[in-house]
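**Q** Output the structure for:
(2 chains)
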Amino acid sequence: MSSAETASSARRTGRSGALIDGVPRPGRVENVIKAVVLTAICAVVILPFIGIISTSLAPADQVTRAGGFVLLPEGIDLTAYRSILTGGVVTRALLISSVVTAVGTALSLTLTAMLGWALSRRGSIGNRPLLLLVLVSLLFNPGIIPSYLVVQQLGLLDTLWAIIIPTSVSAFNVIVVRAFFVGLPQEVMDSARIDGAGEWKLFVHMGLPLARPVLAVVGLFYGVGYWNAFFNALLYISDSALWPLQLVLRTYVVDGTQLGAQDLGPEVSLPPQTTIQMAILVISIIPILIVYPFLQRHFAKGMLTGAVKG
Amino acid sequence: MTTTAGRQATTRSRKLRPDGARTPARRPGQSWWARLRRDHPVLLLALPGMAVIVVFQYLALGGNVIAFQDYQPYLGIDRSLWVGFENFSILFNGDPRFLQALGNTLYITLLQTVFVFPAPIVLALLLNSLVSNKIKQTVQSVLYLPHFLSWVIVVAVFQQVLGGAGMINNFLRANGWDTISIIGNPDAFYALITSQVIWKDTGWATILFLAVLSQIDRSLYEASAMDGASRWRQIWHITLPGMRSIIVLLLILKLGDSLSVGFEQLILQQQAVGRDVSEVLDTYVYNNGVIGGAWGISAAVGLVKGVVGLVLVLVANKVAHALGEEGVYRA
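**A** Model (predicted):
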């Protein structure tokens, strides 16, 4: 990676001034057009967020005066956040989503690391058939109703496990982790084995510490998945007391059901509905924004694309 | 895609260790029982993860038998009556709602193939042509973000921006202009969902294309430049041919998925726009089966959908091989 970069920068500054990596230098008009197009694309992605964050923070009278939306708040007013975070439907959903995300990610990482390690032990008994089972499972989807029947049979309906267990092992992530373990230098493993280290010891004391970077990425993806889980929750959870954040978002923001005083915390003055809706949206986006830089650092390194392309 | 990846990983590691110094290979005369005794810790490590995959993928597949039953939840699979192909005949004799869902599904797939599929290719070419790495990375970090938001958030954001009381209409109204009706307007629905998919996933989808672009041999560009090729000719004669394999591969996968179009995205917007335009096969299965209680018929639809999808992938893979492409896997 780095050597390729130095090579290309050398080429950039070097012999052929008109060429960059063998491509003729773009003309001025082309550069201007590209700048405009890219700025426009980025604005389309960013501006809605700015509008949403600003509206959630703006004082109630400014929101009412502006007819529902503001791009620049005149001041910071946290009433909407206080009203949803001090108890009520949204607070409970936030707690549920946090628990599901934490428990689910821990479970997923454990199962995925163990299975990835086991599948990386080529030559052990049953290795090829098991690997084949994992790979083939990527090619099909059992369907909505069959999946529902399994969850029902296991007695998981209307429990939080229904959001966690069915999606706890992603075959794709297993393959990524396995590819990492297969790539480890085997001499070290073999010498540890000769020294009498058992399989479990090898996995815990050598495999896991070495795999920390790849497990970090896989864990982040699992975490984002659990936080965003909507399909499983919609399908398997009808008891609104167990709703995770995404279902609450659907009911009160997408479908626009009004949040009354009884659904909120003991905040006295009720802020405008739009402000509350924006605040719920912001709160559900924040965790994603927090982990995003970490995710990015990893896929910038090409770790995932490397795994995809082999 | 991943099967290819798995196989490549295997061959690569084999190359690294030609001596096969790994787990002792199967020695002649070593009994199955001895191997089991040697390897049982490995199997124990695999067990919980495999259990999840087997139960929720393979065992679940068995649940499709209710497509041949008059399934009643209180009777269960054991005691529900078997009805042969009756559930299927109801469908193929043309339940209008089913036909509508099928039509909508195919139409949305067509829209996505024409408008959504090429978008990341164009964007990747644009990003790839940027000279400054810094600008490139900044743009990438902005455009990858929406991929990590849930469909609930994306749909909510679109509503807040384009809805009747949304930001844009708010702005139009404040200036005394006519407002536009997009959310909840059946005529605008397909344009809306297509732009939602583009907004959410185009940036993220460039990753694969950018990875492929970065592996095209630079000397091809240099040689062609020496021969006087312009930037456009280079794109046409070097860059696009270099991307052909990955484009074919993704088209095959897309084809296999052509009967499943964004369940979450559509179910979220059904209430606003009505089922006439927004019902697709997956929402039909959900609305009719899980909500409406027509379990057998819905399972039949799901089964047909799954089988057709699988056949499409197998056929497309064959065609790709016939055309000399790598495809998704090689049997």
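
**Q** Need the phi and psi values for B:G292.
**A** Main-chain dihedrals, B:G292, degrees, to the nearest 10: phi -80, psi -20.

**Q** which residue packs closest to it, ignoring adjacent ones?
**A** In this structure, B:G292 finds its nearest non-sequential neighbour in B:S298, 7.8 Å apart by Cβ to Cβ, 6 or more residues apart in numbering or on different chains. Heads up, the C-betas are built off the backbone N, CA and C, glycines and all.

**Q** check contacts around residue 112.
**A** By default, I'm working from chain A. Residues in contact with A:T112 (Cβ atoms under 8 Å, 6 or more residues apart in numbering or on different chains) are A:V169, A:S170, A:N173, A:V174, A:V177, A:V218, A:Y222, B:G49.

**Q** Not quite, go with chain B.
**A** B:Q112 sits in contact with B:T194, B:V197, B:K254, B:V261, where contact means Cβ under 8 Å, 6+ apart.

**Q** and if we set it to 10 Å?
**A** Counting by Cβ atoms under 10 Å, 6 or more residues apart in numbering or on different chains, B:Q112 makes contact with B:A119, B:I193, B:T194, B:V197, B:I198, B:K254, B:D257, B:S258, B:V261, B:G262.

**Q** And the residue of the stretch 201-331 of chain B that's closest to chain A?
**A** Using Cβ to the nearest Cβ, the closest approach of the stretch 201-331 of chain B to chain A is made by B:Y221 at 2.9 Å.

**Q** related to what we said a few turns ago, who wins on neighbours among the contacts of A:T112?
**A** Ranked by neighbour count (other Cβ atoms under 10 Å in any protein chain shown), these have A:V174 at the top, with 31 neighbours.

**Q** what's the distance between that residue and B:G163?
**A** 41 Å (Cβ to Cβ, to the nearest Å).

**Q** Also A:N141?
**A** 33 Å.

**Q** just checking, what's the longest helix in chain B?
**A** helix B:295-322 (DSSP state H).

**Q** Pretty sure A:A171 is one of the things A:V134 touches, is it not?
**A** Yes: between A:V134 and A:A171 there is a contact under Cβ atoms under 10 Å: 5.0 Å.

**Q** Which neighbours do these two have in common?
**A** Taking Cβ under 10 Å, 6+ apart as the contact rule, A:V134 and A:A171 both touch A:L115, B:T2, B:G49, B:I53, B:Q57.

**Q** quick one: which of these is nearest A:G104?
**A** For the shared contacts of A:V134 and A:A171, the closest approach to A:G104 (Cβ to Cβ) belongs to B:G49, at 14.2 Å.

**Q** Please, where are all the strands along chain A?
**A** With strands called from DSSP state E, chain A shows them at A:19-20, A:23-24.

**Q** Tell me which of those sits most buried.
**A** Ranked by mean neighbour count, these are led by strand A:23-24 with a mean of 21 (mean count of other Cβ atoms under 10 Å in any protein chain shown).

**Q** Run through the neighbouring helices and strands of that one.
**A** helix B:218-226, helix B:231-234 (3 or more Cβ pairs under 10 Å, 6 or more residues apart in numbering or on different chains; DSSP states H and E).

**Q** what residues are up against B:G228?
**A** Counted by Cβ under 10 Å, 6+ apart, B:G228 has contacts A:P24.

**Q** mind showing which ranges of the chain have poor pLDDT?
**A** Just so you know, I chose chain A. A:1-18, A:266-269, A:299-310 (pLDDT under 70).

**Q** that's the wrong chain, I wanted chain B
**A** In chain B, residues with pLDDT under 70: B:1-29, B:328, B:330-331.

**Q** all strands of it, in order?
**A** Going by DSSP E, chain B shows strands at B:69-70, B:81-82.

**Q** The residue of the stretch 201-331 of chain B closest to chain A against B:I238, yeah?
**A** Yes: judged on Cβ under 10 Å, B:Y221 makes contact with B:I238 at a distance of 6.1 Å.

**Q** shared neighbours of these two, which are they?
**A** A:G22, A:V23, B:A229.

**Q** Which of those sits closest to A:S240?
**A** Checking the shared contacts of B:Y221 and B:I238 against A:S240 with Cβ to Cβ, the nearest one is A:V23 at 57.3 Å.

**Q** burial measure for the nearest residue to the closest one once chain neighbours are set aside, as a count.
**A** Nearest non-adjacent residue to A:V23, counting by Cβ to Cβ, 6+ apart: B:Y221, 5.4 Å away. Number of residues near B:Y221 (other Cβ under 10 Å) recorded here: 21.

**Q** What of A:T55?
**A** A:T55, neighbours per other Cβ under 10 Å, totals 27.

**Q** Now do the contacts for it.
**A** A:62-63, A:66, A:68-71, A:73, A:80, A:272, A:274-275, A:277-279, A:281-282, B:160, B:167.

**Q** Just the buried ones among these, please.
**A** Among the contacts of A:T55, those classed as buried by 16 or more other Cβ atoms under 10 Å in any protein chain shown are A:62-63, A:66, A:68-70, A:73, A:80, A:272, A:274-275, A:277-279, A:281-282, B:160, B:167.
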